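Colleague: sequence unknown, structure follows:
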Ligand SMILES: Nc1ncnc2c1ncn2[C@@H]1O[C@H](COP(=O)(O)OP(=O)(O)OP(=O)(O)O)[C@@H](O)[C@H]1O
Ligand SMILES: [Mg+2]
């Protein structure tokens, strides 16, 4: 059972990790806790489902997947441009930007409710009924794909931030936005990029998660958002590695709890871990103390 | 020098921090190929002048003109792209980027990678101490090395005008001489320089002309050798 729960934990963890990275990316460049992030997770999956249904349920899934990713990127860019940047540029402090992101979240959720409805609907899946053998335990093929995609995305993102020019711009902006702008880094473009990447990753997570459960509903963002945020803080908000590690820790802890104690304790354990970390190392596992950041 | 040679000019520039007036309408000109120094005691508004030019703080009124073009309140990175480079006080290098990355980021808008490599090598030629530490994190450099890196990063943009904010601050006298030598060389290679200094002696040795700022107003201006003989300047900034 341990191995089985570990596998379930890792695959749940990959959903958290993908979502957590978006929180961290945005926080690292503008110091904003983006409350609309989980709504993107949900609306990306809803967008996928809607275009699938619109196409008479026989459009290739890859096509709707790409449409959903484009939606996510555009949504991320739009939120940044219309709801965050004007506040940031006025220098009114991040609390107003957080409030603005809460408003955005509510708007996205309302639009989805109106357009898509509130009932639970079937979500298309891939590789249904297929399994992969892992050290004698069975892993659903979709879980395997989800994990593989997460790993590939994380490696690509790591390579991008460390090796590309935009990645270097991202790191410099995270260290000090004004200083980066002063040496010629187009920080507005960098910040927009962070929103776009974060939104795309959240949508990937949302779609795979719905494929796993084979259902979708407009309220799926809430709990995932909280857990992914907990994972972000656990790993050290602002640290990409931290978000990924935090995501896997929470996913695994939850599934082991569900397996050995009871499913009703899984949220309790996830958030208890968070509180313990906050007490003993508030900057998280990979986080740097505030003074070192700049 | 004539009007056509004006690279940078400030016209009645006024800058406020909330309720505090930091610049009370200052005007100054910097001509092509010059080293102009801006002197003044703590809190006079020297850094604010540079910050307003580079777009870090907004001007309330007045104009900043670069080669005749109005650049008042443009985005900092667009001002950088035009060739006006600000090396801020306290050498704000990126602690978590390597020395090479700190230089690369100075040429962000440059598309030509070969050119970027060439400029990096030029910086390493100018500052051999940096070449030995190219893969080291910026935060691990000594104060003098960080200042060199900050100036090196500015060189990466192939600047038309350099705005230097107290490059000698906190450096040992030998290093001060070295940095001043480098500034002189950069100038001889064609870069126009606006140099803010507390160390008036060093600045006036290097500069062609100077302005003296006091509580947000320009109270004196003239050729560097004249200023270094002026009684009040000698008293206020040159000791004895
Ligand atoms: N961010 C800020 N907010 C409020 N007031 C500021 C700010 N920055 C500077 N000031 C004020 O503006 C005035 C000019 O400051 P500035 O930094 O330009 O002086 P300076 O001539 O560079 O001084 P120093 O030689 O100490 O560097 C000072 O009175 C200072 O207190
Ligand atoms: Mg100053």
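Modeller: That came through fine. Every value quoted in this text rests on a predicted model; they were computed, and no experiment measured them. Ligands and ions are numbered 1, 2, ... in the order given.
Colleague: residues in contact with the residue of chain B found nearest chain A?
Modeller: When scored by Cβ to the nearest Cβ, chain B has residue B:80 as its residue closest to chain A, at 3.6 Å. C-beta coordinates here come from the backbone N, C-alpha and C atoms, glycine included. Contacts were defined as Cβ atoms under 8 Å, 6 or more residues apart in numbering or on different chains; by that measure residue B:80 touches A:182-184, B:54, B:109, B:157.
Colleague: what's the helix or strand for it?
Modeller: helix B:76-82 (DSSP states H and E).
Colleague: now residue A:205, nearest residue through space, not along the chain?
Modeller: residue A:18 (3.7 Å; Cβ to Cβ, 6 or more residues apart in numbering or on different chains).
Colleague: what does residue A:251 give?
Modeller: Nearest non-adjacent residue to residue A:251, counting by Cβ to Cβ, 6+ apart: residue A:13, 2.6 Å away.
Colleague: What distance do you get for the one you found to residue A:229?
Modeller: When distance is defined by Cβ to Cβ, to the nearest Å, residue A:13 is 14 Å away from residue A:229.
Colleague: Repeat that for residue A:85.
Modeller: 22 Å.
Colleague: Between those two, point out the one with more neighbours.
Modeller: Between residue A:85 and residue A:229, counted using other Cβ atoms under 10 Å in any protein chain shown, the more crowded position is residue A:229 (24 against 17).
Colleague: Now name the helix or strand holding the more buried one.
Modeller: Per DSSP H and E: helix A:221-235 holds residue A:229.
Colleague: mind checking the SS state of residue B:65?
Modeller: Following DSSP: H, G, I helix; E, B strand; the rest coil, residue B:65 is assigned to strand.
Colleague: just checking, it touches residue B:7?
Modeller: No. At 9.3 Å, residue B:65 does not count as touching residue B:7 under the criterion of Cβ atoms under 8 Å.
Colleague: returning to what we had before: tell me how far the helix holding residue A:229 lies from the chain's centre.
Modeller: 8 Å (Cα atoms, centre = their mean, to the nearest Å).
Colleague: just stretch B:12-30 next, same as before
Modeller: Relative to its chain's centre, stretch B:12-30 lies at 18 Å (Cα atoms, centre = their mean).
Colleague: Helices along chain B, start to end?
Modeller: Using DSSP state H, the helices of chain B run over residues B:46-53, B:76-82, B:99-104, B:113-126, B:128-131, B:143-155, B:173-188, B:200-206, B:224-227, B:231-237.
Colleague: closest to residue A:285 out of those helices?
Modeller: With respect to residue A:285, and counting by Cβ to Cβ, the nearest of the helices of chain B is helix B:99-104 at 25.0 Å.
Colleague: State the number of residues packed around the closest residue to ligand 2 within the stretch 51-200 of chain A.
Modeller: Nearest to ligand 2, among the residues of the stretch 51-200 of chain A, is residue A:182, at 14.7 Å (Cβ to the ion). Other residues lying near residue A:182 total 23 when counted by other Cβ under 10 Å.
Colleague: Look up how far ligand 1 lies from it.
Modeller: Going from residue A:182 to ligand 1 by Cβ to the nearest ligand atom, to the nearest Å gives 15 Å.
Colleague: Please tell me I have it right and that residue contacts residue B:57.
Modeller: No. Residue A:182 is beyond contact range of residue B:57, at 11.4 Å (criterion: Cβ under 8 Å).
Colleague: which residues sit in contact with residue 21?
Modeller: Since no chain was named, I'll use chain A. Taking Cβ under 8 Å, 6+ apart as the test, what residue A:21 contacts is A:154, A:157, A:197-198, A:201, A:240, A:243-244.
Colleague: think we crossed wires, I meant chain B
Modeller: B:14-15, B:216.
Colleague: just checking, which of those belong to strands?
Modeller: If you go by DSSP state E, the contacts of residue B:21 have B:14-15 in strands.
Colleague: okay, the contacts of residue B:21 in CSV with pLDDT next?
Modeller: Formatted as CSV, the contacts of residue B:21 follow (pLDDT from 0 to 100):
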residue, pLDDT
B:14, 96
B:15, 96
B:216, 95
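Colleague: Need the buried ones from the contacts of residue B:21 selected in PyMOL.
Modeller: With 16 or more other Cβ atoms under 10 Å in any protein chain shown as the criterion, this PyMOL line picks the buried residues out of the contacts of residue B:21:
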select buried, chain B and resi 14+15+216
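Colleague: near ligand 2, which of the contacts of residue B:21 show up?
Modeller: Among the contacts of residue B:21, no residue sits close to ligand 2 (Cβ under 5 Å from the ion).
Colleague: nearest to residue A:2, of the contacts of residue B:21?
Modeller: Of the contacts of residue B:21, the one sitting nearest to residue A:2 (Cβ to Cβ) turns out to be residue B:15, at 65.0 Å.
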